[in-house]
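In: Would you be able to build a 3D model of this:
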Amino acid sequence: MSTANETGYVPVGDLNVYYELHGEGGTPLLVLHGGLFDIDQQFGALLPALSADRRVIALDFQAHGRTNDIDRPLSIAALAEDVVAVLAHLHVAKVDVFGFSVGGAVAVELGVQHPELVRKLVVSSTSFSRDGDRGGNTEVVMEMKVEMIAGTPMEAAYLAKSPHPDHEHLQTLLDKLGGIMQHTPDWTDDQIRGVSAPTLITIGDCDMVTIEHAAKFLRLRGGDVNGDFDGVPESQLAVFPGTTHFNGLARTDLVLATVLPFLDA
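Out: Numbers count the residues shown, from 1 in each chain. Now for the predicted structure:
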């Protein structure tokens, strides 16, 4: 577990976004967790290596971890604007972005809407359009009740860290996650093609995102070519074996061996 150099809160309207800074040097790396997770649960095992020779900026999204909830639905666009506000507060002009699931969608939104902020993108277990999902996950999340996650690390982490440590607010978060899953943006092929940042796409081989969709994502980013003749593209795809959506970053060895060379190239 990496010890943060600095922790704090950034006021964004009524939201107090919790952030941590780890490590020093290089282009800062912004890490963005998935729904129902937080900094520690999603990136705790990865942070020591990720921050070994670069600054890492980690934050908890609205209603997650140590960040409060407000009377606002969860949406990818709103979360992305929260991120922009945090970076401005920290006086950070450009970052690499590593996002998982909901965090991956926010990473794509930053690449599309705020290209000046993003040097490289790592988008994990995220589709850029809803037809890239296998189905099932959205329906399950929309029906989730707090009783279904009783005794899990997610429940324990929420009750231990949240400014609203009770099951009523946890149910509100689950309801909002159902909404964000149902209304994830559909970016157009042209928008994905037009992202300026080199992009690493990672999925599990039994993820909620189909392998066919990930391959299309790669092609739109300039990949899927004969590298021996055309050169190795800046954008890449990694498929982690034996990996579901829920444990998409659990194989720390595979994740680090894939992400760090991409960021350092």
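In: what about the helices in the stretch 151-265 of the chain?
Out: 153-161, 167-182, 189-193, 211-220, 227-230, 252-264 (DSSP state H, counting those that start in this stretch).
In: Format those helices as TSV; extra columns: mean neighbour count and distance to A58.
Out: Bear in mind the C-beta positions are built from the backbone N, C-alpha and C, glycine included. As requested, the helices of the stretch 151-265 of the chain are exported to TSV (neighbours: other CB atoms under 10 Å; distance: least, CB to CB, whole Å):
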stretch	mean neighbour count	distance to A58
helix 153-161	16	13
helix 167-182	17	19
helix 189-193	14	26
helix 211-220	19	25
helix 227-230	8	33
helix 252-264	16	15
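In: Which one of these has the poorest average confidence?
Out: Out of these, helix 167-182 stands lowest, with a mean of 92 (criterion: mean pLDDT).
In: just to revisit the earlier point, make a markdown table from the helices of the stretch 151-265 of the chain and add distance to R134 to it.
Out: Shown next, in a markdown table, are the helices of the stretch 151-265 of the chain (distance: least, CB to CB, whole Å):
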| stretch | distance to R134 |
| --- | --- |
| helix 153-161 | 22 |
| helix 167-182 | 13 |
| helix 189-193 | 20 |
| helix 211-220 | 9 |
| helix 227-230 | 29 |
| helix 252-264 | 21 |
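In: Out of those helices, the one nearest S75 is which?
Out: helix 167-182 (6.3 Å; CB to CB).
In: so how far is stretch 38-56 off the chain centroid?
Out: Remark: stretch 38-56 is offset 13 Å from the chain centroid, using CA atoms, centre = their mean, to the nearest Å.
In: quick one: terminal-to-terminal distance for that stretch?
Out: Distance across stretch 38-56, first residue to last, is 15 Å (CA to CA, to the nearest Å).
In: Kindly report the same for stretch 111-123.
Out: 10 Å.
In: Where does pLDDT dip in this structure?
Out: Residue ranges of the chain with pLDDT under 70: 136-137.
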